[in-house]
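J.: Got a sequence here, can you model it:
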Amino acid sequence: MNNFIKIKNLFFNYGEKKVLKGLEAEFSNADIVGICGANGCGKTTLLKIISGIIKGYEGEIEIFDKNIKDYKKKELVTLLSFVPGEVNTPFEFRVMDILLMGRLPRLNFLDSYPETDYNKIFDIADKIGIRSILDRNFNNLSNGERQLVLVAQALIQGSSVILMDEPTSHLDINHKIKIFDILKNETFSRKIKVITVLHDLKLAADYCDEIYFMNDGKFDFKLKPSELLSGCDKISKIYSISEDKIKRYIL
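T.: Numbers count the residues shown, from 1 in each chain. Coordinates of the predicted model:
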């Protein structure tokens, strides 16, 4: 596998507001890619464009050397899964219903869920620690519990690439570590790829293979975790904060 995602000259506007301004990237060797940057620089928009949620962009996106626009919708949803930062549903879905939706793209019309799908759900639910809430209403969960369910759904979907938008922002330290330990294991055992937006540089340093830093609609630079401390001068400009504070935060 060469580039699992390649982005060429990507532009996107919300009305008159320019969000992505010629962004380019080639994600290849890394299993877990972190995307960091100040609020409003375009991180979430980028993930939504890659996942197909947002249309109307200019530029090219290739997934496994094929233009994203050349994939059929069902192909794309089995290839990519997207974990939003927050979500509510107007319907009274149980957690089990939400998790089963992860397998829906793999069913043929009028098919029932096979026993293997239920076994997969129970296995992932046990690993993440949500087995006890499978019968609860999704909208009645805490923000942290909902995040755990959405991460579980992405893993249950069985896609090759998981896109995650701040997946641990509402989680305690225990669950942050648990989620990324599971993701790390999945990249090893199933050879999947993960691209995740993160504000936690310490978490990025511990689990990401490469960290891309966005600024004003483009990637300014990328660093390996081992380069974060030596790159504090660059990082400080991204966040408009002193190098000393960045170093203390990372350490």
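J.: hey, let's count contacts and neighbours off CA atoms from now on
T.: Will do.
J.: close enough to count as contact, Glu92 and Asp135?
T.: No: with contacts counted by CA atoms under 8 Å, Glu92 stays clear of Asp135, the gap being 11.2 Å.
J.: Could you look up the SS state of Asn39?
T.: Secondary structure, DSSP: H, G, I helix; E, B strand; the rest coil: Asn39 is coil.
J.: what's the neighbour count on it?
T.: Neighbour count of Asn39, defined by other CA atoms under 10 Å: 13.
J.: Next: Ile54.
T.: Ile54: 13 surrounding residues under other CA under 10 Å.
J.: Tell me, what's the model's pLDDT at the closest residue to it other than its chain neighbours?
T.: Leaving aside its sequence neighbours, Ile54 sits nearest to Lys48 (CA to CA, 6 or more residues apart in numbering; 5.5 Å). As predicted, Lys48 sits at a pLDDT of 95.
J.: Quickly find the element holding Lys48.
T.: Per DSSP states H and E, Lys48 falls inside helix 43-51.
J.: Next secondary structure after that helix?
T.: strand 58-63.
J.: Tell me which other helices or strands that following strand touches.
T.: Packing partners of strand 58-63 (3 or more CA pairs under 8 Å, 6 or more residues apart in numbering; DSSP states H and E): strand 5-14.
J.: Run the angle between the helix or strand following the strand it packs on and strand 5-14 for me.
T.: For strand 5-14, the succeeding helix or strand toward the C-terminus, using DSSP H and E, is strand 17-27. Strand 17-27 runs at 180 degrees relative to strand 5-14, counting by axes from the mean of the first three to the mean of the last three CA atoms, to 10 degrees.
J.: what's the helix or strand hosting Ile182 in contact with?
T.: Using DSSP H and E, the element containing Ile182 is helix 173-189. By CA atoms under 8 Å, 6 or more residues apart in numbering, the surrounding residues in contact with helix 173-189 are 31-32, 127-128, 151, 168, 192-194, 207.
J.: List the contacts of the closest residue to Ile7 other than its chain neighbours.
T.: Spatially, and ignoring its direct neighbours in sequence, Ile7 is nearest to Ile61 (4.6 Å; CA to CA, 6+ apart). By CA under 8 Å, 6+ apart, the contact list for Ile61 reads 5-8, 50, 67-68.
J.: ok so Thr196 is a helix residue?
T.: No: looking at Thr196 with three-state DSSP, it is strand, so not inside a helix.
J.: Can you give me the buried ones in stretch 220-235?
T.: 220, 222-225, 228-229, 231-233, 235 (16 or more other CA atoms under 10 Å).
J.: next one: stretch 35-54
T.: 35-37, 41-51.
J.: Pick out the most distant pair among the residues you listed.
T.: Gly37 and Ser51 (19.7 Å; CA to CA).
J.: most remote residue from the protein's center?
T.: In the chain, the greatest distance from the average C-alpha position (CA atoms, centre = their mean) is reached by Leu110, at 30.3 Å.
J.: State the three-state secondary structure for that residue.
T.: Quick answer, by three-state DSSP: Leu110 is coil.
J.: How much space separates it from Asp117?
T.: 16 Å (CA to CA, to the nearest Å).
J.: Could you do Glu86 as well?
T.: Distance from Glu86 to Asp117, by CA to CA: 25 Å.
J.: on that earlier part again, C-alpha coordinates for the helix holding Ile182, PDB please?
T.: Coordinates of each C-alpha in helix 173-189 appear next as PDB, following Å, rounded to 0.1, in the frame of the first residue of the first chain:
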ATOM      1  CA  ILE A 173      -8.000   9.600  31.300                       C
ATOM      2  CA  ASN A 174      -8.800   5.900  31.600                       C
ATOM      3  CA  HIS A 175     -11.100   5.800  28.600                       C
ATOM      4  CA  LYS A 176      -8.800   8.000  26.500                       C
ATOM      5  CA  ILE A 177      -6.000   5.500  27.000                       C
ATOM      6  CA  LYS A 178      -8.400   2.500  26.500                       C
ATOM      7  CA  ILE A 179      -9.700   3.800  23.200                       C
ATOM      8  CA  PHE A 180      -6.300   4.500  21.800                       C
ATOM      9  CA  ASP A 181      -4.900   1.200  23.000                       C
ATOM     10  CA  ILE A 182      -7.700  -0.500  21.100                       C
ATOM     11  CA  LEU A 183      -7.100   1.600  18.000                       C
ATOM     12  CA  LYS A 184      -3.400   0.800  18.100                       C
ATOM     13  CA  ASN A 185      -4.200  -2.900  18.400                       C
ATOM     14  CA  GLU A 186      -6.700  -2.600  15.500                       C
ATOM     15  CA  THR A 187      -4.100  -1.000  13.200                       C
ATOM     16  CA  PHE A 188      -1.700  -3.900  14.000                       C
ATOM     17  CA  SER A 189      -4.200  -6.800  13.800                       C
END
